[in-house]
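Novice: Coordinates for the following, if possible.
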Amino acid sequence: MVGRVVQYDTVTVQVRHGLEAVDILRLRRACGAVQQSSGGSAIAFLVPAGTALRWHLPGSTCTPGADLLPPTDPCWIIPPGGPQYCVRPTDAWVLRSALCEAATTLAAGGLGPL
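Specialist: Model (predicted):
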């Protein structure tokens, strides 16, 4: 199941913005699988396929398909779980809300604009 998978899309944001959103989503128990880019500069959230067709949020990109890393790869922030390597995507509109909240929090702390 490792490799390019079309049943998910990928929302990518800058690392600081993404980690803030991960914290928000974890508090809400709404965070699916998340990986960090190999260079460490971006965070990628797996979302349901088809999200890229409707995604418009400044400071982020949404691309069709997902490159799934092996489950033991250190780039996973929230890895797939379970014996079947089950990938749970983040609900796209819950993610959008968390990204907006994260941007507001970062800007209020003097860490914006993103």
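Novice: average pLDDT across the helix ranked longest in the chain?
Specialist: In the chain, taking DSSP state H as the definition, the longest helix is helix 92-108. Averaged across helix 92-108, the pLDDT comes to 95.
Novice: ok, residues contacting it?
Specialist: Contact partners of helix 92-108, identified using Cβ atoms under 8 Å, 6 or more residues apart in numbering, comprise 11, 13, 16-18, 20-21, 23-25, 28, 30, 45, 47-48, 51, 54-55, 57, 59-60, 112-114. Quick note: C-beta positions are derived from backbone N, CA and C, even for glycine.
Novice: Filter those down to just the ones in helices.
Specialist: 16-18, 20-21, 23-25.
Novice: And those residues, which of them are buried?
Specialist: With neighbours counted by 16 or more other Cβ atoms under 10 Å, those contain buried members at 17-18, 20-21, 24-25.
Novice: for residue 71, helix, strand, or coil?
Specialist: coil (DSSP: H, G, I helix; E, B strand; the rest coil).
Novice: Give the burial count for it, as a bare number.
Specialist: Residue 71: 16 surrounding residues under other Cβ atoms under 10 Å.
Novice: Could you measure from it over to residue 11?
Specialist: 21 Å (Cβ to Cβ, to the nearest Å).
Novice: Likewise for residue 41?
Specialist: Residue 41 is 15 Å from residue 11, by Cβ to Cβ.
Novice: Have a look at the two and say which one is more surrounded.
Specialist: Neighbour count, other Cβ under 10 Å: between residue 41 and residue 11, residue 11 has more, with 26 against 12.
Novice: Just to check, the more buried one is in contact with residue 44?
Specialist: Yes. With contacts counted by Cβ atoms under 8 Å, residue 11 reaches residue 44, the gap being 7.0 Å.
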